[in-house]
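Visitor: Following is a predicted model, sequence given first.
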Amino acid sequence: MTDDALLPLTEDWDRALVVVAHPDDVEFGAAAAVARWTGQGKTVVYCMVTSGEAGIDGLSPDECAPVREAEERESAAIVGVETVEFLGFPDGVVEFGVPLRAAIAGQIRRHRPDIVITGNFRDTWGGRSPNQADHIAVGRAALHASQDAGNRWIFREQLVDGLEPWGGVRQVWAAGSPQSTHAVDTTDTFDAGVASLTAHRAYIEGLGWENFDPAEFLESMSRPTGRRLGVTHAAAFEVFTMTFGE
């Protein structure tokens, strides 16, 4: 085992909620892991805080939002995710704060996950390149909303029509964090992850990346991570334990 070896993620859970800022955030690295888990019979739900409407320079937000929502639903279905929620926060200017925490806590109470998965919310990706502001806000809010959801006196206006607090989130996982300590083997589902990213056709075209190859891009991350786990392909996660004393 090398000094930078990663530990395997626990897989003794049944339900996960993925909370990210934009359509495509899951697909740029973690979708193959989702395909693995849905293939095991686990339920995974996606929650997009925005509709990614500021993501394509050539389309106005009103035109862009339905395109990106449709691409995300198609992308999710490829990896076995049936439910995709869109919270409608404005793309590019998401702010960490009580309204965002409340919206995510409401999703956690509705879907009652064992695991909450979000994206990297550290300041950078591990070098000098800064992270995007929405990613930081949403990841931080997902972490704290996982605590909020179990407290019936926080956001208590949500607790109507049978909705109850949910304190069952065991861990929060931040995909692609430069401080990742764990990973999951995605060797058998790597191709599904590639197909899931490829489904974001309009978004990828709008980026203007000449000769962009989804498989090559994902492999540039999954193979180094796989070596740290002792497999061919893997996805890395920073793990936050929500159970007191563990």
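Guide: Sure, I can see it.
Visitor: shaky segments in the chain?
Guide: Within the chain, the ranges that satisfy pLDDT under 70 run 1-2, 244-246.
Visitor: Give me the most central residue, the chain.
Guide: Residue closest to the average C-alpha location in the chain (C-alpha atoms, centre = their mean): T118, at 3.9 Å.
Visitor: CA atoms of the one helix or strand that one maps to as CSV?
Guide: Per DSSP states H and E, T118 falls inside strand 115-119. Extracted in CSV, the C-alpha atoms of strand 115-119 (Å, rounded to 0.1, in the frame of the first residue of the first chain):
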residue,chain,number,x,y,z
ILE,A,115,-25.8,9.0,2.5
VAL,A,116,-25.7,12.5,1.1
ILE,A,117,-23.3,13.0,-1.8
THR,A,118,-22.2,16.4,-3.0
GLY,A,119,-19.3,17.8,-5.0
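Visitor: what are the ranges of the helices in the protein?
Guide: Using DSSP state H, the helices of the chain run over 31-39, 61-78, 98-111, 133-148, 190-198, 201-207, 214-229.
Visitor: Can you add distance to L9 and give those back as a markdown table?
Guide: Yep, even glycine has a C-beta here, placed from its N, CA and C like the rest. A markdown table is the format used below for the helices of the chain (distance: least, C-beta to C-beta, whole Å):
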| stretch | distance to L9 |
| --- | --- |
| helix 31-39 | 8 |
| helix 61-78 | 20 |
| helix 98-111 | 19 |
| helix 133-148 | 17 |
| helix 190-198 | 16 |
| helix 201-207 | 28 |
| helix 214-229 | 10 |
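Visitor: how far does the strand holding T118 sit from the chain's center?
Guide: When distances are taken as C-alpha atoms, centre = their mean, to the nearest Å, strand 115-119 is centred 6 Å away from the chain's centroid.
Visitor: circling back: so what sits opposite the residue nearest to the centre of the chain in the bridge?
Guide: Per DSSP bridges, the residues bridged to T118 are A174.
Visitor: Number of residues surrounding P66?
Guide: Here the count is done by other C-beta atoms under 10 Å, and P66 has 11 residues near it.
Visitor: do the one 4 residues further on as well
Guide: Each residue near A70 was counted by other C-beta under 10 Å, and the total is 13.
Visitor: now swap in A77 and tell me
Guide: Using other C-beta under 10 Å, A77 is surrounded by 13 other residues.
Visitor: Quick check: longest strand in the protein by residues?
Guide: The longest strand of the chain (DSSP state E) is strand 234-241.
Visitor: the inter-axis angle of it versus helix 133-148?
Guide: Orientation of strand 234-241 against helix 133-148 (axes from the mean of the first three to the mean of the last three C-alpha atoms, to 10 degrees) gives an angle of 50 degrees.
Visitor: residue contacts, the closest residue in space to A236 that isn't next to it in sequence?
Guide: With sequence-adjacent residues excluded and distances taken as C-beta to C-beta, 6 or more residues apart in numbering, A236 is closest to S180, at 3.8 Å. S180 is in contact with 6, 174, 236-238, counting by C-beta atoms under 8 Å, 6 or more residues apart in numbering.
Visitor: quick one: which of the residues you listed is nearest A21?
Guide: A174 (12.5 Å; C-beta to C-beta).
Visitor: any idea how far that closest one is from V194?
Guide: Here A174 is placed at a distance of 22 Å from V194 (C-beta to C-beta, to the nearest Å).
Visitor: cool, L159 as well?
Guide: As defined by C-beta to C-beta, L159 lies at a distance of 42 Å from V194.
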